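Participant: All I have is the shape, not the residue letters:
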């Protein structure tokens, strides 16, 4: 026995360790594979030994070999053995190997559950840490389910090192086992306020990641995050929270308004930093790019802010200017990042970026593809009606120059994307667009023929006015088809012919010379095209044929019509022999039809009408989602069998199709056997019957029995010599440039005409008080499309279901995490806990669920008023006066709803003098929205000052002068103005009377109007949400300086946390502490009054404040808030 | 010959950086890294870490294609690539390429910073790290990475904390290693005593 041990130990001394292995591999460069296979044999021997150290060494070597690409899955069990060693040294290696080698389908993972659980509860934090790290790499749904509870317990571990890891790994657990989200969420939320910043940021990280995917479930966390944002000094947490709010604000617009103040502070801080950075901009190389991150961060913040604040255009402008410096830099990374940041700004401030178009176009010449792609992305957002043609022209040049096909393809898709974006919004001249598309077909070897084809179809179908032009172009394309199919057979571009043939056929009435096109479509070369294109050719040849007949109707000389029939009869047999079933079927149908027609023609029977009837009716575009949107009628069960499910034997019979497609085209008709013929005839009969009832099928003529029995062999197919001298340009194709020029001229002319008109107008009404509308650079709206473009919208079924989240990929794992987190937790939802571990039963999360700051911000009633009323009154002349009254009423209601006050006070004064009574300022921010159809200008705002409150006016103006509002309002536009008031005492609410004067200008006249309003300064609006810690709160209450008062809220029946949230939201309080059925809340006035509330679940409110009048008024206001709901 | 991976920053930039140090704590932000690869100029893989479950076959395919794409780029080109629907951020330190893949909407600068930090960590741990350090102590390189990133998320923003955790875990390993050695010796020599 002893000897055996000794032998094992001595053997071990000669084992290779990892270093030896690596060295060995490096020394055997020539026969690496052979060397490694001997090593693997050795490792296999080592793994057979009992000694864990030997095994660990072997596993370590295997991990290395795995990285080199060798399969080590056979050693999975040994890895588990090493993982379960009690020694940290080996455990660490075992977990590393597992995290590298295991994946979801590794079956031994099942065996690890208990081992991992043991490690998770190990007293040694590094054991736990190593297990968590490993788990993060190979967690499976089973492991997630079994270990969720253990990991959740670890979230409250004493060591932040473990808590941090546990919180992060919870995200992976949620993804694998979505049921764990609800029970674990309360604790995750707790971690947002963890004393350790690392844990806190981990929690913010996880929640942000969750919220990014399903923002609406996390709206209730907004107050909590809001609190975090105002209290946190950790920039890193702040940026996350701002990101989160970025996802939340679209769902809850009022959040944006609440965010303004804290974000303003933040932005000032960052702005300082930012300006320092800009100062250093030229001096820094990219060795350290941290400042750049800050720079981009600044941009992110700016953008998230800019939705709420209109006055940031100056700083955005600055940003863009500095970005230009980045892009002009020779360092490629700077260039790339500059372009990237630019594209972020572009989304919200397209105007400020558009002026740098030259620079972006320059970037298209860059050697680096990444940069070119970025620049392309930017161009997409920069186009306008005015510059579209110019940009596309530049891009076309690049297409010609581009070297790699991938980049050229990318350019092509971008050109099409740019032009077709938002329903061809920027295209003023579709003739130009069609010619661009035609030019694009000259690209060789592109994969995107299909894309071009679908664009051609889309434009031709939806823009009716362009059809004549499009058809002419397509006919030329068909005529020159050999150029597209010429050199590289079956490349993607021949897809274009599909579109060309269809357009020429469908809109053949616009063809100048249908006969010629018909000839082009029936050339023998067509038979080399892919099957689906041939099918379209054949079908549309029939349409063309119908048109030819129609055009010859009434013509006494019937030679043309007869020529057409003869052409069809001559050329179609080629297609009848096609290997493609679709082509063959269509061709044989049409051939018989034409033969029949020819017979009739010889008898001088007019047939054109009947033939045309085959293709009558317009095909309307159908929206891609239309089919999905058709509601299922009641009582229809789509899953039920209509007939009994087919038996096994039947399904074998259904296989002729597969056999058929395998057959060689030469002997393509196995069904000509006698037995089959009968069955076939029956089927054909049935099909004919069906087709006869189907208007979209070409009806077969009665003589259509199989006449083409004498199938010619391949050698009989006529071969036409192809002209290989390919001209550089397709003859007769218009260059798009031509259209650019034409369009320019047209616009110029239009502009000139407009000017003339304007002059006339001005002369006519010289009395107008309005300032001259200076005709600066041509604005977007001035450019009218070349011809009335009637873009047909895509059809949807009549009773289409309202669109829901059908954009979502059903395979998205985050979809499973779309869970309502506010619903109380049911017993069945608790995480599985092993029964013998009674001590770790979860606290009822239902209690936690009603956490203090949870609230769903319910929409205010007022919002209905905000909704824009869209009404158009045509007969202005008579009703002007009446209308005005209504407009004014509307305006008033708008103003009152939009007036929201928020206050700032001079913090400096507070700091230095300790006396808040002086320098208290109130900022009133008013959003003016013009809801009428006329232009509002020269707005002046005035308020009748009271003793207590005064509007701050610019120096030198009298106490009754009004303030000019620095903007004008076109119809439907809103803008914000701010006014500063000085307030003496804030303990009483007040109302200030004011007037707004403005000029209403419409086409005929302009009138001076006046609007009276009242500004209501509630006491609540003097309160500022201020967080307060419970100990400070207790001290405050103990101090005895505060007077108390109390109220009861009658008739309030909402959940307690909603009640609290309402008070927080409407009255600017923050929750200090919540114990079961009561909560203490705190707020502070701008003059430093403390207001403390104790709200009980019995809806009584006890309040204390150092100013009894203020308190009384605040309480009254609270009461009023709740009486309204 | 071992090459110093890490080029020291110039003094001026360094002092500039430290003056802004307080602002830099937000450097690492939310991201979901898909994987990280380290490979040499010859295309030899030196380290790989996958944060998304993929089969070995897929991993190999991705690795092969990506290594080719990155190596084909010229040295003056930028560090960012759009590849399939991923954003690839890579940086070359001496003979080693560090290459990360993240989801589309993540900030590439942050990924660049992650790479940089990881290199700094390696540099601190090994003391002027070179490619050979990573080859011969590849498990250590993994341990450091695991302390730094967890499941594709940055778990620790402080370099000091990462190194502390690694050092303590190493200490634990060494102490235990020593006891095992003693145990072995006892086993070996104890066998001879009658």
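Facilitator: Great, that's in hand. If you're wondering where the values come from, they're calculated on a predicted model, not measured in any experiment. Numbering: from 1, shown residues only, chains lettered A, B, ... in the order given.

Participant: where along chain B do the strands fall?
Facilitator: Listed in chain order, the strands found in chain B under DSSP state E are B:33-40, B:45-50, B:80-83, B:86-93, B:96-103, B:149-150, B:153-154.

Participant: count of neighbours near residue A:1108?
Facilitator: 14 (other CB atoms under 10 Å in any protein chain shown). All C-beta atoms are positioned from the backbone trio N, CA, C, and that covers glycine.

Participant: Any idea what the residue nearest to it when sequence neighbours are not counted is bridged to?
Facilitator: Nearest non-adjacent residue to residue A:1108, counting by CB to CB, 6 or more residues apart in numbering or on different chains: residue A:1043, 4.5 Å away. Counting by DSSP bridges, residue A:1043 forms beta bridges with residue A:1105.

Participant: dump the residue contacts of residue A:1043.
Facilitator: For residue A:1043, the contact set (CB atoms under 8 Å, 6 or more residues apart in numbering or on different chains) comprises A:1104-1108, A:1111.

Participant: Can you give me the distance of it to residue A:418?
Facilitator: 68 Å (CB to CB, to the nearest Å).

Participant: now residue A:338
Facilitator: Computed with CB to CB, the distance linking residue A:338 and residue A:418 is 21 Å.

Participant: what about these two, which has more around it?
Facilitator: residue A:338 (27 against 20).

Participant: give me every residue that touches the more buried one.
Facilitator: Going by CB under 8 Å, 6+ apart, residue A:338 touches A:323-327, A:329.

Participant: same thing but 7 Å
Facilitator: Residues in contact with residue A:338 (CB atoms under 7 Å, 6 or more residues apart in numbering or on different chains) are A:323, A:326-327.

Participant: measure the closest residue to it other than its chain neighbours to residue A:171 for me?
Facilitator: Closest residue to residue A:338 apart from its sequence neighbours, by CB to CB, 6+ apart: residue A:326 at 3.3 Å. Relative to residue A:171, residue A:326 is positioned 34 Å away (criterion: CB to CB).

Participant: With residue A:545 instead?
Facilitator: 65 Å.

Participant: Compare these two (neighbour count), which wins?
Facilitator: More neighbours surround residue A:545 than the other of residue A:545 and residue A:171, with 30 against 23 (other CB under 10 Å).

Participant: what helix or strand is that one on?
Facilitator: helix A:531-551 (DSSP states H and E).

Participant: got a list of contacts for that helix?
Facilitator: By CB under 7 Å, 6+ apart, helix A:531-551 touches A:494, A:497-498, A:501-502, A:504-506, A:508-509, A:511, A:514-515, A:517-518, A:521-522, A:526-527, A:560-561, A:564, A:568, A:575, A:578, A:580, A:582-583, A:586-587, A:590, A:594, A:607-608, A:611-612, A:614-615, A:698.

Participant: contacting residues for the residue in the stretch 51-200 of chain A that chain B sits nearest to?
Facilitator: The minimum distance from the stretch 51-200 of chain A to chain B, using CB to the nearest CB, falls at residue A:136 (3.8 Å). Counting by CB under 7 Å, 6+ apart, residue A:136 touches A:169, A:172, B:150-151.

Participant: Mark which of these are part of helices, please.
Facilitator: Secondary structure defined by DSSP state H assigns A:169, A:172 of those to helices.

Participant: Report the buried members of the contacts of residue A:136.
Facilitator: Buried members of the contacts of residue A:136, scored by 16 or more other CB atoms under 10 Å in any protein chain shown, are A:169, A:172, B:150-151.

Participant: quick one: which of these is nearest to residue A:384?
Facilitator: Comparing the buried ones among the contacts of residue A:136 against residue A:384 with CB to CB picks out residue B:151 as the nearest, at 44.3 Å.

Participant: so how far is residue B:35 from the closest one?
Facilitator: Distance, residue B:151 to residue B:35, by CB to CB: 12 Å.

Participant: Now do the closest residue to residue A:972 other than its chain neighbours against residue A:971, distance only.
Facilitator: Distances taken as CB to CB, 6+ apart put residue A:930 closest to residue A:972, at 6.4 Å, once the chain neighbours are dropped. Distance, residue A:930 to residue A:971, by CB to CB: 6 Å.

Participant: For those two, work out which one has more neighbours and name it.
Facilitator: residue A:930 (23 against 12).

Participant: which one is residue A:438 nearest to, not counting chain neighbours?
Facilitator: Leaving aside its sequence neighbours, residue A:438 sits nearest to residue A:473 (CB to CB, 6+ apart; 5.5 Å).

Participant: Tell me, how many residues neighbour the one you found?
Facilitator: Other residues close to residue A:473 by other CB under 10 Å number 25.

Participant: and it, what is it in contact with?
Facilitator: Residue A:473 is in contact with A:434-435, A:438, counting by CB under 7 Å, 6+ apart.

Participant: from the residues you listed, which ones fall inside helices?
Facilitator: A:434-435, A:438.

Participant: just to revisit the earlier point, identify, from the contacts of residue A:1043, the entry nearest to residue A:820.
Facilitator: Nearest member of those to residue A:820, counting by CB to CB, is residue A:1104, at 37.2 Å.

Participant: any idea how far the nearest residue to that closest one once chain neighbours are set aside is from residue A:1109?
Facilitator: In space, and not counting its chain neighbours, residue A:1104 is closest to residue A:1042: 3.9 Å by CB to CB, 6+ apart. Look at residue A:1042 and residue A:1109: by CB to CB, they are 13 Å apart.

Participant: Which one's more surrounded, these two?
Facilitator: Ranked by neighbour count (other CB under 10 Å), residue A:1042 and residue A:1109 place residue A:1042 first, with 20 against 14.

Participant: re earlier: could you check the pLDDT of the residue nearest to residue A:1104?
Facilitator: We have a pLDDT of 81 for residue A:1042.

Participant: That one and residue A:1105 touch, don't they?
Facilitator: Yes: at 6.0 Å, residue A:1042 counts as touching residue A:1105 under the criterion of CB atoms under 7 Å.

Participant: Need the overlap of contacts for these two.
Facilitator: A:1090, A:1092.

Participant: Just want the phi and psi numbers for residue A:578.
Facilitator: phi -60, psi 150 (degrees, to the nearest 10).

Participant: what's the closest non-adjacent residue to it?
Facilitator: Nearest non-adjacent residue to residue A:578, counting by CB to CB, 6+ apart: residue A:584, 4.9 Å away.

Participant: Make sure that neighbour is indeed in a helix.
Facilitator: Yes: judged by DSSP: H, G, I helix; E, B strand; the rest coil, residue A:584 forms part of a helix.

Participant: measure it to residue A:149 for me?
Facilitator: Residue A:584 is 65 Å from residue A:149, where distance means CB to CB.

Participant: just residue A:924 next, same as before
Facilitator: 53 Å.

Participant: hang on, isn't residue A:820 packed against residue A:216?
Facilitator: No: using CB under 7 Å, residue A:820 is not in contact with residue A:216; the gap is 9.2 Å.

Participant: quick one, which of the two is more surrounded?
Facilitator: Set residue A:820 next to residue A:216 and count neighbours by other CB under 10 Å: residue A:216 wins out with 14 against 10.

Participant: per-residue confidence for that one?
Facilitator: At residue A:216, the pLDDT value in this model is 81.

Participant: give the contact list for it.
Facilitator: residue A:251.

Participant: how about the helices in chain B?
Facilitator: Under DSSP H, chain B gives helices at B:11-19, B:56-72, B:108-126, B:131-136, B:138-148, B:159-190.

Participant: ok, of these, where does mean pLDDT dip lowest?
Facilitator: For the helices of chain B, mean pLDDT drops lowest on helix B:11-19, to a mean of 33.

Participant: and the strands of chain B as JSON lines, adding mean pLDDT and distance to chain A?
Facilitator: As requested, the strands of chain B are exported to JSON lines (pLDDT from 0 to 100; distance: least, CB to the nearest CB, whole Å):
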{"stretch": "strand B:33-40", "mean pLDDT": "91", "distance to chain A": "10"}
{"stretch": "strand B:45-50", "mean pLDDT": "90", "distance to chain A": "6"}
{"stretch": "strand B:80-83", "mean pLDDT": "85", "distance to chain A": "5"}
{"stretch": "strand B:86-93", "mean pLDDT": "89", "distance to chain A": "9"}
{"stretch": "strand B:96-103", "mean pLDDT": "90", "distance to chain A": "10"}
{"stretch": "strand B:149-150", "mean pLDDT": "88", "distance to chain A": "5"}
{"stretch": "strand B:153-154", "mean pLDDT": "80", "distance to chain A": "5"}
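
Participant: Cheers, nothing more for now.
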